[in-house]
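> I'd like to go over a predicted model; first the sequence, then the structure.
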Amino acid sequence: MTVTVENPSKVAIENNDLPIVTYNGGIPRSREYSNNHYAQQAIDKEAAEAAKLDPKNFPLTRFQFSVALNEMGKSMDDLRAAINGAIPAGVQRSVALAAIENPPGDAYNRDNPLFSNDDILTALGLDAATVDATWMAVKDIQSV
């Protein structure tokens, strides 16, 4: 199966061995419609597979987050200190500290800006790739 992207809004697939898509009544649609249908299925499948590898799709529980910090050799105190050093005193810092202590929805989300803040990551001696890998490693851990 060969999938080619001519432009972002039109995708074509070349495989005449695939069956023609039909209307509900069994009336065949055109080969072009069928090829585009199969191309979209391939794109959707690829997107679903990519989503399984994106840490942003996996919120962590408090327990999982604690395990992640431990796996990276860090503690909540280390994270608090990094936030205190990276964010000036005031409401923004207070909100950041509260989000760490009491995460919204009782879950830590990888897309939280605190977890991609370069100053915080640098203060912790971490990088985004390490955080992503650790996040994915602990996402399925259950508390005992």
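Looks like it arrived, so ask away. Numbers count the residues shown, from 1 in each chain.

> For the lengthiest helix in the chain, enumerate the helices and strands it packs against.
Of all segments of type helix in the chain, defined using DSSP state H, the longest is helix 31-51. Other elements packing on helix 31-51 under the criterion 3 or more CB pairs under 8 Å, 6 or more residues apart in numbering; DSSP states H and E are strand 2-7, strand 10-14. In short, each C-beta sits where N, CA and C put it, glycine included.

> And the average pLDDT for the last one is what?
The predicted model assigns strand 10-14 a mean pLDDT of 49.

> repeat for the first one
This predicted structure assigns strand 2-7 an average pLDDT of 49.

> can you give me the helices in this structure?
Counting by DSSP H, the helices of the chain are 31-51, 62-71, 76-86, 91-101, 118-124, 128-138.

> Give me the angle between the third one and helix 91-101.
The one in question is helix 76-86. An angle of 160 degrees separates the directions of helix 76-86 and helix 91-101 when computed by axes from the mean of the first three to the mean of the last three CA atoms, to 10 degrees.
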